[in-house]
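**Student:** Dropping a prediction and its sequence here:
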Amino acid sequence: MKARILILTAGYGEGHNAAARALEAAFNEESPGSALVVDIFALSCPRLNALVRRAYLAAINGTPKLWKLVYALMDRPGLQARGSRLLRTPSRTLQAVIDLERPAAICSTFPAYAALLQPLVRQGRLGIPHFNIVTDSISINSIWWRPGCDGWFVPNEDTAQVMRAAGVDGSRIHVSGFPVTAFFRRNQGILTRPALDAGGTPRVLYIVNSGTRNAEATARRLLAQEGWDITCTVGRDDSLRRLLTELAQGRPRPASILGWTDQIPRLLMTHHVVVSKAGGATTQEAIAARCPMVVNQVVPGQEEGNCELLLRHRAGALATTPDAVIEALEGAFAHGGNGWRQWHAALGPIARPDAARCAAAQVLAHIGASHADTSAGLFEALR
């Protein structure tokens, strides 16, 4: 019988869902039909979950200083313990899903699930391994590790060092990388960018997220650079898409203005630089594509670590005004793209496009070893 892997996610930031989907695909590639993704919060309290999600997005986009305070409060053990008592309805739903699916292991890409699962472990109602798939880097909240689990898969060594310093058992920390779609792994060396040192035209991708500051001003400055190919994705902001489409007409170099698109992985692998806020999914997909990033906005808390990761490895730049964005790009493309090549090379050691497959293989190996140990124990008992 195929091992059933339950993957738990939540819609608070695209990074959690992106990692969950990539993991699901990796498990099902290894063993078709073996994995299932569930958002317990959306399933148990759909209306309340939608309200909280809207409040979360409003906080990170409209009142980042307030969100930074909330993020710091969540780091306190006492508040975490009190918060877990407020999650009784999701906890009951989670237990029902576990009873129905009877998984061989649980992977969670959202940190609150550990607080829901640990009481079940203490009560002897959960006898299967649980792994946390950490989707943040460096500035990670302790809710990722305080409740405990059987192991943590982290996106980079920098994050592993933070957790070891906090007292987490290093033998249970696996530096697997951030789970990204297999598209990045399958297209390494296939999709290419023009060689800047041979006179190729720089290609710049600008991803406009909801709540992005100076979006129109930044796009105008980019479209004014006549020697660059520009692609702007504006999501569901139709008014901005129409405005930028008009501005792009008559440029000597191509410009693509896109609404919502599922082609971000391909765009990252065919552009030299991406300009975007330091969201978890975008940052990690850019790393997997080895597409250097100019960060133009950072949400306090979890996104600070994403930006720090790029800066620490000299694989991008922080530029929070339209003028600073252009200055960073001009510096990268100058002298035949020498600065860009340094950024691109720096991404090599931290790029893990096969992260999802590696994490899935390790989880399945753990399940196999556990089953082997159980079988051996039963055999000894029967002798």
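**Tutor:** Arrived safely, thanks for sending. Numbering: from 1, shown residues only.
**Student:** Span of stretch 295-309 from start to end?
**Tutor:** Using Cα to Cα, to the nearest Å, one end of stretch 295-309 lies 11 Å from the other.
**Student:** And for that stretch, what's in contact with it?
**Tutor:** Under the contact criterion Cβ atoms under 8 Å, 6 or more residues apart in numbering, stretch 295-309 has outside partners 13, 60-61, 64-65, 67-68, 71-72, 136-141, 156, 158-159, 209, 212-214, 218, 275-280, 283-284, 310, 316-320, 325, 350. Just so you know, the C-beta spots here come from the backbone N, C-alpha and C atoms, and that holds for glycine as well.
**Student:** From these, list just the buried residues.
**Tutor:** The neighbour-count criterion (16 or more other Cβ atoms under 10 Å) marks 13, 60-61, 64, 67-68, 71, 136-141, 156, 158-159, 209, 212, 214, 218, 275-280, 283-284, 310, 316-319, 325, 350 among the contacts of stretch 295-309 as buried.
**Student:** Could you break this structure into its assigned domains?
**Tutor:** As assigned by automatic domain parsing, the chain contains the domains 5-180+354-382, 184-350.
**Student:** Just send the ones you listed back as a markdown table, with mean pLDDT too.
**Tutor:** Below are the domains of the chain laid out as a markdown table (pLDDT from 0 to 100):
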| stretch | mean pLDDT |
| --- | --- |
| domain 5-180+354-382 | 86 |
| domain 184-350 | 94 |
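**Student:** Tell me which entries of the contacts of stretch 295-309 lie within helices.
**Tutor:** 60-61, 64-65, 67-68, 71-72, 158-159, 218, 280, 283-284, 310, 325 (DSSP state H).
**Student:** Show me which positions of stretch 40-54 end up buried.
**Tutor:** Neighbour-count burial for stretch 40-54 [16+ other Cβ under 10 Å]: Ile40, Phe41, Ala42, Ser44, Cys45, Asn49, Arg53.
**Student:** got CSV for those, with secondary structure and distance to Arg266 too?
**Tutor:** Formatted as CSV, the buried residues of stretch 40-54 follow (DSSP: H, G, I helix; E, B strand; the rest coil; distance: Cβ to Cβ, whole Å):
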residue, secondary structure, distance to Arg266
Ile40, helix, 32
Phe41, helix, 31
Ala42, helix, 29
Ser44, helix, 36
Cys45, coil, 36
Asn49, helix, 32
Arg53, helix, 28
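**Student:** which among the residues you listed gets closest to Thr270?
**Tutor:** Nearest to Thr270 among the buried residues of stretch 40-54, counting by Cβ to Cβ, is Arg53 at 32.2 Å.
**Student:** excluding its backbone neighbours, what's nearest that closest one?
**Tutor:** Gly11 (5.7 Å; Cβ to Cβ, 6 or more residues apart in numbering).
**Student:** secondary structure class for that neighbour?
**Tutor:** coil (DSSP: H, G, I helix; E, B strand; the rest coil).
**Student:** Would you mind pulling up the elements that the helix or strand where Ala19 lies packs against?
**Tutor:** Following DSSP states H and E, one finds Ala19 within helix 14-30. Here helix 14-30 touches strand 5-8, strand 35-38, strand 130-133, helix 182-186, helix 280-288, helix 355-382, going by 3 or more Cβ pairs under 8 Å, 6 or more residues apart in numbering; DSSP states H and E.
**Student:** follow-up on the earlier one: just the buried residues of stretch 40-54 now: which is nearest Thr231?
**Tutor:** Among the buried residues of stretch 40-54, Arg53 lies closest to Thr231 (Cβ to Cβ), at 28.5 Å.
**Student:** Hmm, that closest one is touching His16, no?
**Tutor:** No: under the criterion of Cβ atoms under 8 Å, Arg53 makes no contact with His16, lying 11.6 Å away.
**Student:** For Phe153, which residues are in contact?
**Tutor:** Phe153 neighbours (Cβ under 8 Å, 6+ apart): Phe131, Asn132, Ile133, Val134, His174, Ser176, Pro179, Ala359, Gln362.
**Student:** does the first one really touch Gly148, like I thought?
**Tutor:** No: shown here, Phe131 and Gly148 do not form a contact pair, counting by Cβ under 8 Å, at 11.6 Å.
**Student:** who has more neighbours, the two?
**Tutor:** Under the criterion of other Cβ atoms under 10 Å, the comparison of Phe131 against Gly148 puts Phe131 first, with 25 against 15.
**Student:** can you pull up the bridge partners for that one?
**Tutor:** Cys107, Gly151 (DSSP bridges).
**Student:** Asn17 versus that one, what's the distance?
**Tutor:** 17 Å (Cβ to Cβ, to the nearest Å).
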